[in-house]
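1. how would this look folded up:
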Amino acid sequence: MIKKQNSFKCDDMRPYVILNAAMTLDGKIATKTGSSEISGEEDLKRVHELRRDVDGIMVGINTVIADDPRLTVHKIPSKKQDNPIRVVVDNKARTPLNSRILSDDAETIIAITENSNEEDFKERHQKLEKVATIFLSGKKQINLKDLMEYLYIKGIKILMLEGGSTLNFSMIKEGLIDELRICIAPMVVGGHNSKTLFDGEGFDFMNEAINLDLIKNYRLGKDLILEYKVKK
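-> Numbering: from 1, shown residues only. Prediction:
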């Protein structure tokens, strides 16, 4: 079932991508130990309302391994058909077979590379094929533009991106994010090894930065919600 609304439009043959995340005031999405309980109850409901309204939801493999998320709609009243298609960017087919993301609550697509030098890569690939839809692309890293085109053809017109930080940067660097919805919690955690909203290689100069337009901001319980459009 396609849940796309007419207000979300993308000129390319790819989904309209909304990056949604919660972070502390100092820009951290997790502590150095991986703790990521940031959002208040009101924001969690907002997130699940967004999940209900999109066609797909995408995360990276590190998020799957660290958090074992369900990526379903469960913080608000919902039905199984409200769950979006789940997408995992997993270069080396490392998704654990007991992951909650592989439940029968919704279809799961795992994007992996076409080959790997790791000895048991082929075996992991074959096992995942039995429990998920596999998308093959790229030699060492997933071609994200090809993945977006595939998801669009699959009927995913609105895609919710929930990171993590490396995938977030790769997506925005490739010009594949249209909108950001960020919950800023009134807390500070610090830490050199704490994950930020965007990691990856980063840009060298400020004039290379991705520019945003603030389109909406509001209080939600103890948190501040900021919504931005990405300038193209």
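2. average pLDDT for stretch 211-228?
-> Throughout stretch 211-228, pLDDT has a mean value of 97.
3. Going forward, the N-terminal residue is numbered 281.
-> Taking 281 as the first residue, the last one we looked at is stretch 491-508.
4. Just the endpoints, please. Distance across that stretch?
-> 10 Å (C-alpha to C-alpha, to the nearest Å).
5. Same question for stretch 414-422.
-> Counting by C-alpha to C-alpha, the length from the leading to the trailing residue of stretch 414-422 is 12 Å.
6. max-length helix in this protein?
-> When secondary structure is assigned using DSSP state H, the longest helix within the chain turns out to be helix 321-333.
7. Pull out the buried residues from that one.
-> When neighbours are counted by 16 or more other C-beta atoms under 10 Å, the buried residues of helix 321-333 are found to be D323, L324, R326, V327, H328, L330, R331, R332, D333. Just so you know, the C-beta spots here come from the backbone N, C-alpha and C atoms, and that holds for glycine as well.
8. Strands along this protein, start to end?
-> 296-304, 308-310, 336-340, 365-369, 388-392, 413-416, 438-441, 459-465, 475-476, 492-500, 503-510 (DSSP state E).
9. would a markdown table of those with distance to L351 be doable?
-> Rendered in a markdown table, the data for those read as follows (distance: least, C-beta to C-beta, whole Å):
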| stretch | distance to L351 |
| --- | --- |
| strand 296-304 | 12 |
| strand 308-310 | 16 |
| strand 336-340 | 5 |
| strand 365-369 | 5 |
| strand 388-392 | 8 |
| strand 413-416 | 15 |
| strand 438-441 | 9 |
| strand 459-465 | 16 |
| strand 475-476 | 18 |
| strand 492-500 | 21 |
| strand 503-510 | 21 |
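10. And those strands: which comes nearest S316?
-> Smallest distance to S316 across the strands of the chain (C-beta to C-beta): 4.1 Å, for strand 308-310.
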